[in-house]
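In: I'll drop the sequence and a predicted model, then ask my questions.
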Amino acid sequence: MAATSPHPPTGHPAPCGARPRPPVAAVLTGGSADLRVADAAAALAAASRAPLLLIAVVPPGFRPRRPGPGTAHGVLARVLTRLGRAAEECVPVTVPLPSGGSRLAAASRVLEPAGRLGASVVVAHRTGPAGVDAPALVEAAALRGGPQVRTVVPPPWRPVLGAPGGGGTPGPVRRAGAPVRAPAPSAA
């Protein structure tokens, strides 16, 4: 008779008779928005004390010769580095997209590991490759009774000073992580 662990994947002991918490999934496409998607999913997972499922999507027939920044290994490495200690409880999964087919077939393929592992929420970016964007995942989840899909939107556009059409007056420049200080009162 095989023994089962009384602890859920989060490492926290489960109360008697309680089930492990369903994971929160993040869909990673190798784009610049992956870090925002992973941050949002990690925040949801931490709030519910659930494990984080990282779904790395690769193109159909993709077979890298070596791990690199454009591969699923590179995408996962970049996100896991950003998550820090939260990455200890992540479950990474790689999903190849189907060749041909519709965007709903691609979205269903992406949602398969989330459904198989019982994810309650899937976090995706609003735009992305066909079938991996949030609107396609919402549609596929609604058709097959899948998990709730949360959308991460890009940051608001801000003009770059010195760029054509940037205009505006330069504001104070501060280092990342430096405290914001109120301006000194003027002697008027």
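Out: Sure thing, it's come through. Predicted model, so just to flag it, every value in this text is computed and none were measured.
In: surely residue 111 touches residue 138?
Out: No: Residue 111 is not in contact with residue 138 according to C-beta atoms under 8 Å; the separation is 10.3 Å. In short, each C-beta sits where N, CA and C put it, glycine included.
In: and those two? which has more neighbours close in?
Out: More neighbours surround residue 111 than the other of residue 111 and residue 138, with 25 against 18 (other C-beta atoms under 10 Å).
In: which ones are touching that one?
Out: Contacts were defined as C-beta atoms under 8 Å, 6 or more residues apart in numbering; by that measure residue 111 touches 122, 137, 140, 141, 144, 146, 147.
In: show the buried residues in these.
Out: In the contacts of residue 111, burial by neighbour count holds for 122, 137, 140, 141, 146, 147, counting by 16 or more other C-beta atoms under 10 Å.
In: could you identify the least confident member of those residues?
Out: Of all the buried ones among the contacts of residue 111, residue 146 carries the smallest pLDDT score, 84.
In: from residue 116, how far off is it?
Out: 11 Å (C-beta to C-beta, to the nearest Å).
In: and if you look at residue 88?
Out: For residue 88, the distance to residue 116 - C-beta to C-beta - is 22 Å.
In: then residue 149?
Out: Going from residue 149 to residue 116 by C-beta to C-beta gives 16 Å.
In: helices and strands of the protein: which one bottoms out on pLDDT?
Out: helix 72-83 (a mean of 78; mean pLDDT, DSSP states H and E).
In: in the next helix or strand after that one, what counts as buried?
Out: Downstream of helix 72-83, the first helix or strand assigned by DSSP states H and E is strand 90-96. Neighbour-count burial for strand 90-96 flags 90, 92, 93, 94, 95 (criterion: 16+ other C-beta under 10 Å).
In: strand 90-96 pairs with which strands?
Out: Here strand 90-96 is paired, per DSSP bridges, with strand 52-58 (parallel).
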